[in-house]
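For reference, the sequence and a predicted model appear below.
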There are 2 protein chains.
Amino acid sequence: MGQAGYDEKLDALLTSAAKVFAERGYHQTSMRDLAQHSGVSLSGLYYYVKSKQELLFLIQDRNFTAVVAGLTEALQGVRDPLDRLSRFVENHLGYFATHMAEMKVLSHESGSLTGEYLHKVNATKHDYARRLMDILADLEKSHGPAHANRRVATYALFGMMNWIYNWYDPMGDIDVSLLAQNLTRLFLGGYVGASVSASSLPHATAG
Amino acid sequence: MGQAGYDEKLDALLTSAAKVFAERGYHQTSMRDLAQHSGVSLSGLYYYVKSKQELLFLIQDRNFTAVVAGLTEALQGVRDPLDRLSRFVENHLGYFATHMAEMKVLSHESGSLTGEYLHKVNATKHDYARRLMDILADLEKSHGPAHANRRVATYALFGMMNWIYNWYDPMGDIDVSLLAQNLTRLFLGGYVGASVSASSLPHATAG
DNA sequence: ACCGCGATCGCACAATCGTTCGAATCGTCA
DNA sequence: TGACGATTCGAACGATTGTGCGATCGCGGT
């Protein structure tokens, strides 16, 4: 695209690549496809990126890092576990909806990384899951015993949220905050039998 | 493997291929990989299968058909929407847990099909989702208004269930019926505020 | 005008891919 | 035994892949 510095060009490349990866899949996409779609020559890609896999890693790592950073900010000063959970969901889905391609790549192409790349992303994933699990633990203290195994509940919630790339259209008639509200209510009602109070919805969504 | 007729050999080939597809991914797996893993020569594969994509289609179509058939049987004579829902979840997860590789391929490699193959699987998928949505509609009639959008709830439940290939180990300390119980309770509590009665759990799981 | 360097490109290489084809092998019945 | 159809195989093809290499371009400083 337009002229800019090195960092902006790399960002544009990653954005363009994420779109193609999301549509065709990582392994099905060739470096020639990425070159054509981003407007650079084939060998020009290698000035910004060491390999095809590093490209995938950068997409996953940068966006995941952004999600985690958004979460940290969204949880700052929020004490009530109910609020913390709904903020977690809002942050996750908010970023998801505004970065559909990148998040589909993050969710769907986790197994396409190997070695150190895989290890780093998995570590982030583990920490992120742990943060949700800790919220659930707090939730049990404040709202009585859980109706489901905490580990199962954690991954059930991740499943609900991450599955959306299979069906959700951010431009459709269900906007993101409504989606977050629905999933939060769905989860909370089943996990601790709590109906979400009006005070805890909605929040501003990180993006 | 062992000597058998054409049909059994094809079945064995599909089972073997599903395992490799589940581990390495469809596009990352070569026909040579499949040949080696199944004990047939490279060209020998083409006696049973017209193309690599037909192989993927057969895995998806046969197993999906089995899931749907199991569902039909599991729902026979069951009227109570609560029971119908828990049977749906049990059937889905029961088949999932006993056919992890095949179901991972079905869930994760849907976008790897094209043309008529894709169309056929998508049609089955649509019908299957419709059957769940109908149960949810019945549920609303018998247990009051839903706490979430029906479409969102449908795909949320599919998300919970289909995501399990990312974390669930059937050999671990959570067995399938407990998992199904957890997810059913989680979903029902949030969707209609119902706690699952003892009478509706557990059932025999189709497999 | 010339130099230095970041940025970009054309081209080629070796490897691997899915698929085809004709030959070899198998079991079975005449 | 001989023949025939079902089954399996080795070898090869053209296409595409990710990546490396050396040349070239554009431009700011001297």
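Thanks, I have it.

Chain A: helices as residue ranges?
A:6-24, A:31-38, A:45-48, A:52-75, A:81-98, A:100-108, A:115-143, A:150-162, A:176-191 (DSSP state H).

Of all those, which one comes closest to B:Val121?
Of all those, helix A:100-108 sits nearest to B:Val121, with 17.1 Å by Cβ to Cβ. Every residue, glycine included, has its C-beta placed from N, CA and C.

just checking, what packs against that closest one?
Where contact means 3 or more Cβ pairs under 8 Å, 6 or more residues apart in numbering or on different chains; DSSP states H and E, helix A:100-108 is packed against helix A:6-24, helix A:52-75.

quick one, it and helix A:52-75 angle?
100 degrees (axes from the mean of the first three to the mean of the last three Cα atoms, to 10 degrees).

What residues does chain A have near chain B?
A:25, A:27-28, A:108, A:110-112, A:147-149, A:151-153, A:155-156, A:158-164, A:166-168, A:174, A:178-179, A:182-183, A:185-191, A:193, A:195 (Cβ under 8 Å from any Cβ of the partner chain).

Might you list the low-confidence residue ranges for chain A?
Residue ranges of chain A with pLDDT under 70: A:1-3, A:190, A:195-207.

and it, which of its residues are near DNA strand D?
A:29-33, A:42-43, A:46, A:51-53 (Cβ under 7 Å from any atom of the strand).

Of those residues, which is the most crowded?
A:Thr29 (20 neighbours; other Cβ atoms under 10 Å in any protein chain shown).

Excluding sequence neighbours, find me the nearest residue to it.
Distance criterion Cβ to Cβ, 6 or more residues apart in numbering or on different chains; nearest residue to A:Thr29, sequence neighbours excluded, is A:Val20 at 5.3 Å.

For the one you found, give me its contacts.
Counting by Cβ atoms under 8 Å, 6 or more residues apart in numbering or on different chains, A:Val20 touches A:29, A:33-34, A:37.

quick one: which of the residues of chain A next to DNA strand D is nearest chain B?
If you rank the residues of chain A next to DNA strand D by distance to chain B using Cβ to the nearest Cβ, A:Thr29 comes first, at 9.5 Å.

of all the residues in chain A, which ones are close to DNA strand C?
Going by Cβ under 7 Å from any atom of the strand, the residues of chain A near DNA strand C are A:5-6, A:9, A:40-44, A:46-48.

Check those and tell me the two furthest apart.
That would be A:Gly5 and A:Leu42, which, of the residues of chain A next to DNA strand C, are the farthest apart (Cβ to Cβ) at 22.3 Å.

And A:Gly77, its phi and psi?
Phi and psi for A:Gly77, reported as degrees, to the nearest 10, are phi 80, psi 0.

now the one 3 residues further on
Backbone geometry at A:Asp80, expressed as degrees, to the nearest 10, gives phi -60, psi 120.

distance of it from B:Met171?
Separation of A:Asp80 from B:Met171 (Cβ to Cβ, to the nearest Å) stands at 38 Å.

In this model A:His99 seems to touch A:Pro170, though I could be wrong.
No: the pair A:Pro170 and A:His99 does not pass the contact test of Cβ atoms under 8 Å, sitting 10.0 Å apart.

and these two? which has more neighbours close in?
Taking neighbours as other Cβ under 10 Å, A:Pro170 and A:His99 compare with A:His99 leading, 21 against 15.

got the contact list for the nearest residue to that one once chain neighbours are set aside?
Nearest residue to A:His99 in three dimensions, chain neighbours excluded: A:Asn63, at 6.1 Å (Cβ to Cβ, 6+ apart). A:Asn63 makes contact with A:18, A:95, A:99, A:102-103, A:106, according to Cβ under 8 Å, 6+ apart.

Turn the buried ones among those residues into a named PyMOL selection, would you?
The following PyMOL line selects those of these that are buried, judged by 16 or more other Cβ atoms under 10 Å in any protein chain shown:
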select buried, chain A and resi 18+95+99+102+103+106
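
Identify the farthest-apart pair in the contacts of A:Asn63.
A:Ala18 and A:Tyr95 (13.2 Å).

Let me know how buried A:Ser110 is, in neighbour terms.
A:Ser110, neighbours per other Cβ under 10 Å, totals 15.

ditto for A:Gly44
13.

again with A:Ser41
12.

Report the distance from stretch A:61-70 to the chain centre.
Relative to the mean C-alpha coordinate of its chain, stretch A:61-70 is positioned 8 Å out (Cα atoms, centre = their mean, to the nearest Å).

Counting neighbours, which bits of that stretch end up buried?
Those would be A:61-64, A:67-68, A:70, for stretch A:61-70 by 16+ other Cβ under 10 Å.

With just CA atoms, put stretch A:108-124 into CSV.
Only the C-alpha atoms of stretch A:108-124 are listed here, as CSV (Å, rounded to 0.1, in the frame of the first residue of the first chain):
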residue,chain,number,x,y,z
HIS,A,108,-7.3,-22.1,13.6
GLU,A,109,-3.6,-22.2,12.7
SER,A,110,-2.1,-22.9,16.1
GLY,A,111,-1.0,-26.3,15.0
SER,A,112,0.9,-24.9,12.0
LEU,A,113,3.7,-23.5,14.1
THR,A,114,6.6,-25.6,15.2
GLY,A,115,9.7,-25.4,17.5
GLU,A,116,10.3,-22.1,19.3
TYR,A,117,7.5,-20.3,17.6
LEU,A,118,5.0,-22.9,18.8
HIS,A,119,6.5,-22.9,22.3
LYS,A,120,6.2,-19.1,22.7
VAL,A,121,2.6,-18.9,21.5
ASN,A,122,1.6,-21.9,23.6
ALA,A,123,3.1,-20.2,26.7
THR,A,124,1.0,-17.1,26.1
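
which residues touch the closest residue to A:Leu34 other than its chain neighbours?
Excluding its sequence neighbours, the residue lying closest to A:Leu34 (Cβ to Cβ, 6+ apart) is A:Ala17, at 5.1 Å. A:Ala17 sits next to A:34, A:37-38, A:55, A:59 when contact means Cβ under 8 Å, 6+ apart.
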